[in-house]
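Q: The sequence isn't on hand, but the structure is:
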């Protein structure tokens, strides 16, 4: 049972380059989330989706875009990477909203460095 | 401003003792509180959930308390083992502004259990 799979696991970009991080879940979950985790900052929500075709902004959305064309996939895009976006990115999914009690299932992260 | 505070200093305890981790929050009215475990290089893994109308929850060697008056949750691991060494995150859930029902995470406390 794969759960939540993130690709790639590591990536190094130059400032100004673009890339897309892919998240796939096989649990038929409705809700999906993108977080970033930085030392001393904890997990911060970038964007989330409450179902196929829907997306919404989290607390730190600037510089990122997302798409949820298929229920099982949630893509995070960086159009013009900046050094401040160097971080570990985690994708998570839940059966319904985490705020009403459902646990979130996380992938193992994408480690992204922007030079 | 809203804050979720967990001990920033690592907690070092001896094998067999009870580990107690603290999660304090301000300017939140969470409907739920969740605890996650995170190992180095991995994503967080859900451990326990406790609702606002529950005082205590147990699962095997784990126990969580939730005091909405003190705005505090305590997470206990009894008969601790070296394999319990990890970072533990608390997360608040509810209808917070801006992010729907997404979880808000603390920065985590590192636990080290020595033989």
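A: Okay, I see it. The shown structure was predicted, so the numbers you read here are calculated from the model rather than taken from an experiment.

Q: near chain B, which residues of chain A?
A: Contact residues, chain A versus chain B (C-beta under 8 Å from any C-beta of the partner chain): A:4, A:33, A:35, A:40-45, A:48, A:50, A:56-59, A:90, A:92, A:97-101, A:103-109. Just so you know, the C-beta spots here come from the backbone N, C-alpha and C atoms, and that holds for glycine as well.

Q: Just the buried residues of the residues you listed.
A: Neighbour counting with 16 or more other C-beta atoms under 10 Å in any protein chain shown marks A:4, A:33, A:35, A:42-45, A:48, A:50, A:58, A:90, A:92, A:97-99, A:101, A:103-109 as buried within those.

Q: for residue A:102, what are its contacts?
A: A:31, A:94, A:95, A:96 (C-beta atoms under 8 Å, 6 or more residues apart in numbering or on different chains).

Q: Show residues contacting stretch B:42-57.
A: With C-beta under 8 Å, 6+ apart as the test, stretch B:42-57 has contacts from A:4, A:43, A:90, A:92, A:101, A:103-109, B:30-39, B:59, B:62-68, B:73, B:75, B:88-89.

Q: how close does residue A:104 get to residue A:96?
A: Taking C-beta to C-beta, to the nearest Å as the measure, residue A:104 falls 11 Å from residue A:96.

Q: Mutual contacts of these two, please.
A: With contacts taken as C-beta under 8 Å, 6+ apart, not a single residue reaches both residue A:104 and residue A:96.

Q: Could you find the closest non-adjacent residue to residue A:80?
A: In this structure, residue A:80 finds its nearest non-sequential neighbour in residue A:16, 5.4 Å apart by C-beta to C-beta, 6 or more residues apart in numbering or on different chains.

Q: isn't there a strand covering the one you found?
A: No. Applying DSSP: H, G, I helix; E, B strand; the rest coil, one finds residue A:16 to be coil, outside a strand.

Q: pretty sure it contacts residue A:81?
A: Yes. Under the criterion of C-beta atoms under 8 Å, residue A:16 makes contact with residue A:81 at 6.6 Å.

Q: so the most centrally placed residue in chain A, which of the three states?
A: The structure's chain A has its C-alpha centroid closest to residue A:34; by C-alpha atoms, centre = their mean the separation is 2.6 Å. State at residue A:34, reduced to three classes by three-state DSSP: strand.

Q: Same check on residue B:29?
A: Looking at residue B:29 with three-state DSSP, the answer is coil.

Q: Give me the neighbour count for it.
A: Other residues lying near residue B:29 total 12 when counted by other C-beta atoms under 10 Å in any protein chain shown.

Q: Same check on the one 5 residues further on?
A: Residue B:34 is flanked by 26 other residues according to other C-beta under 10 Å.
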